[in-house]
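Visitor: Predicted model, plus sequence, below.
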Amino acid sequence: MGLFKPAEHTQAFLKAGFMGLAGAGKTHTAANLAIGLIEYLRGRGIDYADRPAYFLDTETGSDYVKPLFDKHGIKMMQAKTRAFADLVPAVQEAEKNGSLLLIDSITHFWTEFTESYARKRNRRRGLEFQDWAYLKSEWRRFTDVYVNSSLHILMCGRMGYEYDFFQNEENGKKELEKTGVKMKAETETGYEPSILVLMERQMEFESKRQIRKAYILKERFDVIDGAEFTNPTFNNFLPHIELLNLGGEQLGVDTSRNSEGIIPELGSSNDWKYREEQRQIFLEKVQNLMTEHGISGRSDAGKQRVIELLKKHFH
């Protein structure tokens, strides 16, 4: 059987992301989109639209938008937690029993996860390079289920900035400058939504009226990509939703396929590169330890101190 098969439209559920600073309108815009989506699905006779809307709440936002759902006759189920351990189970429960899931804010789950890890690993000086492999791998458990779940998921997150180094032409020094914005969570989280929206709060000076602007940073159908909306409503996002295969089967990416079969076992003749990489990592750790303690290891006392430190830190 070949790897390829005739193409099908398998994006049946909305995966949306909203990011912005405090007060930008993320929660209310996502809530209005959720309500409009449920009413749209009901109008098309899609059965799961009569299930409750699920709200995974880290900052009490569900309390303030519940009247909106009540007004439209939509039952809301809420869970108030910031524990990353609850994130994947929440998606699975909402997929089984709900019409959609609103997460507000995904930033808190990432922060809680990294802080819990640091406490468990006693990282008082901050996380180390080798820690990120585990953290990113575990976070992918969420992003995989986010993409592949048969569930509409609207995800809000705080806005952060991207930075890069540039050389100052006047003094020749490298300086850190802002290069863009991103969702505050694991670095690649903002790549997962099929539509990503930047929310901003602005003041109209003539009328003294506050408005909310929505900038479509990414939209994969390319029907509203790059668009800008003032005080956005459901209808602004409808061109994207109309192109989803609503009521169909969802298949984001087949995560059951992997490459474990082509990776040599440890100890085989082909794993020399892995052993060399691990040896180099270990030697760098030892060198950093000696440098931290100011030890050269040349004198007898220094050699003895090296042995003591190796026993203590590397057993």
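Guide: Thanks, I have the structure now.

Visitor: Kindly list the longest helix within this structure.
Guide: If you go by DSSP state H, the chain has its longest helix at helix 272-292.

Visitor: Which strands or helices does it pack on?
Guide: Applying 3 or more C-beta pairs under 8 Å, 6 or more residues apart in numbering; DSSP states H and E, we find helix 272-292 packed against helix 300-314. Any C-beta I mention is one placed from the backbone N, CA and C, and that applies to glycine too.

Visitor: Spatially central residue in the protein, please.
Guide: Note on the chain: the residue nearest the mean C-alpha position is Thr189, at 2.8 Å, using C-alpha atoms, centre = their mean.

Visitor: Looking at strand pairing, list the partners for Ile211.
Guide: Gln202 (DSSP bridges).

Visitor: ok, the residue nearest to the centre of the chain to Tyr274 distance?
Guide: Using C-beta to C-beta, to the nearest Å, Thr189 is found at 29 Å from Tyr274.

Visitor: In CSV, list the C-alpha atoms belonging to the lowest-mean-pLDDT helix or strand in the chain.
Guide: Lowest by mean pLDDT, DSSP states H and E among the helices and strands of the chain is strand 174-183, with a mean of 73. What follows is strand 174-183, C-alpha atoms only, in CSV (Å, rounded to 0.1, in the frame of the first residue of the first chain):
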residue,chain,number,x,y,z
LYS,A,174,25.4,43.4,18.6
GLU,A,175,22.2,44.7,20.1
LEU,A,176,19.0,43.0,21.0
GLU,A,177,15.9,44.3,19.1
LYS,A,178,12.3,43.3,18.9
THR,A,179,11.5,41.5,15.6
GLY,A,180,7.8,40.5,16.1
VAL,A,181,5.2,39.2,18.4
LYS,A,182,4.2,35.7,19.5
MET,A,183,1.8,33.9,21.8
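
Visitor: which outside residues touch stretch 48-67?
Guide: If you take C-beta atoms under 8 Å, 6 or more residues apart in numbering as the criterion, stretch 48-67 is touched by 27-28, 31, 34-35, 38, 41-42, 69, 74-82, 86-87, 90, 93-94, 97-105, 108-109, 156.

Visitor: where are the low-confidence patches of the stretch 101-250 of the chain?
Guide: Within the stretch 101-250 of the chain, the ranges that satisfy pLDDT under 70 run 163-165, 167, 169, 176, 178-179.

Visitor: 90 - rerun?
Guide: Counting by pLDDT under 90, the low-confidence segments of the stretch 101-250 of the chain come to 105, 121-131, 159-185, 187-188, 190-191, 202-210, 247-250.

Visitor: the helices in it, which residues?
Guide: Ranges of helices in the stretch 101-250 of the chain, per DSSP state H, counting those that start in this stretch, are 106-120, 131-148, 234-242.

Visitor: Same list, those helices, but as JSON lines with distance to Lys312 please.
Guide: Conversion of the helices of the stretch 101-250 of the chain to JSON lines gives the following (distance: least, C-beta to C-beta, whole Å):
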{"stretch": "helix 106-120", "distance to Lys312": "21"}
{"stretch": "helix 131-148", "distance to Lys312": "20"}
{"stretch": "helix 234-242", "distance to Lys312": "58"}
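
Visitor: Need these in CSV (columns: distance to Lys15 and mean neighbour count).
Guide: Shown next, in CSV, are these (distance: least, C-beta to C-beta, whole Å; neighbours: other C-beta atoms under 10 Å):
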stretch, distance to Lys15, mean neighbour count
helix 106-120, 12, 18
helix 131-148, 7, 16
helix 234-242, 11, 17
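
Visitor: Phe314: which of those helices is closest?
Guide: helix 131-148 (17.5 Å; C-beta to C-beta).

Visitor: next one: phi and psi at Asp57?
Guide: phi -120, psi 120 (degrees, to the nearest 10).

Visitor: give me the number of residues near it?
Guide: Neighbourhood size, Asp57 [other C-beta atoms under 10 Å]: 22.

Visitor: Next one: it from Lys71, what distance?
Guide: 19 Å.
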